[in-house]
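K.L.:
Structure, please.
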Amino acid sequence: MINKERAPVYYSDYLQLGKILTAQLPESAKEGITANDEMLFIIIHQTYELWFKQILHELDIVRQIFLQPVITDNSPDIYNSLHRLKRICSILDVAVMQMGILETMTPLDFLDFRDLLRPASGFQSIQFKMIEASLGLKYDQRHGKAYYLSQLTTEDVEKVKNAEQQKSLLFLINEWLERMPFVNLQSYWPEHANASFWHKYREAYTASLTEGEQGNLRIFDSVFIDAASYPEGRSFSAEASKNALFIMLYRDYPLLHLPYELLNVLLETDEKLSMWRHRHIHMVQRTIGKRVGTGGSSGAEYLRGAADSHYIFKELAELTSFLLPRNLLPRLPEQLVKDLGYGKHA
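P.N.:
Numbers count the residues shown, from 1 in each chain. Take a look at the predicted model:
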C-alpha cells in the first residue's frame, strides 16, 4: 500500500537535476580558453557512465538469478534474465549511436581543449572495466595488462579487483549448463547410449566437413569425445559445452526455446561490445590519428588490440562450428523428446 501521507514528488527533485545539470565543468572555462565543444565532450561521457551504471545494475540482477543453486523450468527466472540481457544489448546499440554525436566534433574542435585533459582518459572508466569483469573477462585475458590498472586511484583499483573476485556471469552460466540433465541423465541414456549419441553425431559431422575443415574434427574430439584431452584453459567445461551444443542443435523443442535465446543473447552482447569498440577505434583514428591517448596509451593501436582479444563468450560462438542441418541430427530417446515438450507434466 502507498502511504497517502508521503510528501509529493517534484520532477527536478526526483531526478536530482540540480546536481546533474551543474556537473559539467569544462577545464577550458577554468583556463579562460574558448573551446565550445568541451561541453558536448563532457555530456557524452557522463551519459556513457550513466548507461554503464544501468548495465551493471542489470548484470547484478541476472547474476543473482544464476547464483541460485536451482532454476526451475516453471519459474520466470530465465525469461527475466533474457529480458535484462536484451536490454543491455539495446543500451549498447545506443552507446554505438552516441559515437555519431561525438563525431560532430571535428579534430580541430577537440584540439581546443584536449591537452587540458591529461592524464585523464576513457581508459580510467572503472565502470566499463567492472562490466567486462562481471561478464567474465579475466585479468589474464586482458590486452595490455601492465597498463590496465596503472592509471587508476587506489580506491578505484580496489573496486575493479572486487568486481573481478565476484562470480562472473560466464562462470555462472557454465555452472547452469553443467546442471542440465540432457546429455547425462541415466534415465534418458541407458549405459553407453550417451557415448553412442556423440559418436553417431561425430560420424554425421565428419561426413559434412569439407577438405579445408578437417582440422575441426580434432577440436570436436577433444571437446566432445575424449575427456582426457579436453583443452586446458577453457572457460566452459566439457559438460557445459556438450549441453550448450545440445541446446543449439535441438532448440526447436519447447523446453529449449529460452535456454537457446539466452545463449544467443550472450553472443549478441559480445557482438555489441565489439561494435562499440570498433566504432571507438574509428572515431579515435579520425580525431587524433596516430597520436597517443591523453592517458598515455598508444591510442587507436591499444584500442584495436583490446577489441581483437576481449571476446568473453567466444567459446559459445565457436560451438557453431559443430552444428549440423536438422535432417542429419541423431534421433533423441523417446522419454527425452517427451520431457522437452509442453505436455511432459500432463
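K.L.:
Find the residue ranges of the stretch 151-300 of the chain scoring beneath the pLDDT cut-off.
P.N.:
290, 292-300 (pLDDT under 70).
K.L.:
what about the helices in it?
P.N.:
Along the stretch 151-300 of the chain, the segments classed as helices by DSSP state H, counting those that start in this stretch run 154-165, 169-179, 193-208, 215-220, 238-249, 257-288, 300-309.
K.L.:
got the angle between the last one and helix 257-288?
P.N.:
Using axes from the mean of the first three to the mean of the last three CA atoms, to 10 degrees, the inter-axis angle of helix 300-309 relative to helix 257-288 is 170 degrees.
K.L.:
pull the CA atoms of helix 300-309 into CSV?
P.N.:
In CSV, the C-alpha atoms belonging to helix 300-309 read as follows (Å, rounded to 0.1, in the frame of the first residue of the first chain):
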residue,chain,number,x,y,z
ALA,A,300,43.9,3.6,-31.6
GLU,A,301,46.6,0.8,-31.6
TYR,A,302,45.8,-0.1,-28.0
LEU,A,303,42.0,0.0,-28.7
ARG,A,304,42.5,-2.3,-31.6
GLY,A,305,44.4,-4.8,-29.5
ALA,A,306,41.7,-4.8,-26.9
ALA,A,307,38.9,-5.2,-29.5
ASP,A,308,40.6,-8.2,-31.0
SER,A,309,41.1,-10.0,-27.7
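K.L.:
and that helix, what does it pack onto?
P.N.:
Here helix 300-309 touches helix 257-288, going by 3 or more CB pairs under 8 Å, 6 or more residues apart in numbering; DSSP states H and E. In short, each C-beta sits where N, CA and C put it, glycine included.
K.L.:
Give me the angle between the helix it packs on and helix 169-179.
P.N.:
Using the same axes, to 10 degrees: helix 257-288 against helix 169-179 is 160 degrees.
K.L.:
mind listing what D339 touches?
P.N.:
Y188, L255 (CB atoms under 8 Å, 6 or more residues apart in numbering).
K.L.:
how far away is the closest residue to Q68 other than its chain neighbours from L111?
P.N.:
Leaving aside its sequence neighbours, Q68 sits nearest to D77 (CB to CB, 6 or more residues apart in numbering; 7.4 Å). From D77 over to L111 the distance is 51 Å, taken as CB to CB, to the nearest Å.
K.L.:
again, but for L177
P.N.:
L177 sits 50 Å away from L111, going by CB to CB.
K.L.:
the more surrounded of these two?
P.N.:
For L177 versus L111, neighbours defined as other CB atoms under 10 Å are more numerous around L177 (22 against 13).
K.L.:
List the residues that contact the more buried one.
P.N.:
L177 touches F236, E239, A240, S241, N243, A244, counting by CB under 8 Å, 6+ apart.
K.L.:
Just give the nearest non-adjacent residue to the second one, would you?
P.N.:
Spatial nearest neighbour of E239, chain neighbours left out: E178 (4.8 Å); criterion: CB to CB, 6+ apart.
K.L.:
What is the neighbour count of that neighbour?
P.N.:
Applying other CB under 10 Å, we find 16 residues neighbouring E178.
K.L.:
can you check the one 5 residues further on too?
P.N.:
A count of neighbours around V183, defined by other CB under 10 Å, yields 17.
K.L.:
can I assume it is in contact with S196?
P.N.:
No. Using CB atoms under 8 Å, V183 makes no contact with S196, being 11.9 Å away.
K.L.:
And the helices in the stretch 1-150 of the chain, which stretches?
P.N.:
Going by DSSP H, counting those that start in this stretch, the stretch 1-150 of the chain shows helices at 11-14, 17-20, 27-31, 38-66, 77-102, 107-111, 126-135, 145-148.
K.L.:
out of the ones you listed, nearest to H278?
P.N.:
Among those, helix 77-102 comes nearest to H278, with 9.1 Å by CB to CB.
K.L.:
what helices or strands is that closest one leaning on?
P.N.:
Packing partners of helix 77-102 (3+ CB pairs under 8 Å, 6+ apart): helix 38-66, helix 257-288.
K.L.:
okay if I get those helices as TSV plus distance to I173 and mean neighbour count?
P.N.:
TSV is the format used below for those (distance: least, CB to CB, whole Å; neighbours: other CB atoms under 10 Å):
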stretch	distance to I173	mean neighbour count
helix 38-66	7	16
helix 257-288	7	18
